[in-house]
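Asker: Can you look at this prediction? I've put the sequence above it.
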Amino acid sequence: MQIRTLLAEAGGPTTVGEVVEQVTVGQPTVSAHLKVLADTGFVLVEPRGTARLHRVNEECVSCFPSATDVVMGRGVRSFAETVDKEAR
């Protein structure tokens with residue numbers, strides 16, 4: 001199972017340890033992947049005490065085209081277009 005899928009299905013902020021419990025790789029690998037996801041803005045990180053809670057950045061997800069959009073040849077909307085449409 002992919003880390004981003006775990007975070008999306010978690011329904012709320014998740015610790016590295018909670019992710020490690022559900023994957024077949026160790027904590028250093030999970031932490032490295034979460035760092036990449038956070039650096040790109042796909043995952044948001046919230047420090048809480050000594051822990052860091054991770055969750056999917058919903059604004060980022062809303063910009064992905066659906067499979068239907070791709071198959072039908074519809075253009076992919078930019079983040080700005082997505083925000084503008086939702087503001088209306």
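Answerer: Alright, I've got the coordinates. Just so we're clear, the structure is a prediction, and the values are computed from it rather than from any experiment.

Asker: Could you tell me how many residues sit around residue 8?
Answerer: Neighbour count for residue 8, taken as other Cβ atoms under 10 Å: 13. Every C-beta, even on glycine, is put in place using the N, C-alpha and C of the backbone.

Asker: what's the answer for residue 32, then?
Answerer: Counted with other Cβ under 10 Å, residue 32 comes out at 11.

Asker: For residue 17, which residues are in contact?
Answerer: By Cβ atoms under 8 Å, 6 or more residues apart in numbering, residue 17 lies in contact with residue 27.

Asker: From residue 40, how far out is it?
Answerer: 22 Å (Cβ to Cβ, to the nearest Å).

Asker: Quick check: the closest residue to residue 53 other than its chain neighbours vs residue 24, distance?
Answerer: Spatially, and ignoring its direct neighbours in sequence, residue 53 is nearest to residue 13 (3.4 Å; Cβ to Cβ, 6 or more residues apart in numbering). Using Cβ to Cβ, we find residue 13 at a distance of 23 Å from residue 24.

Asker: Contact partners for residue 33?
Answerer: Per Cβ under 8 Å, 6+ apart, neighbours of residue 33: residue 3.

Asker: and it, which of the three is it?
Answerer: helix (DSSP: H, G, I helix; E, B strand; the rest coil).
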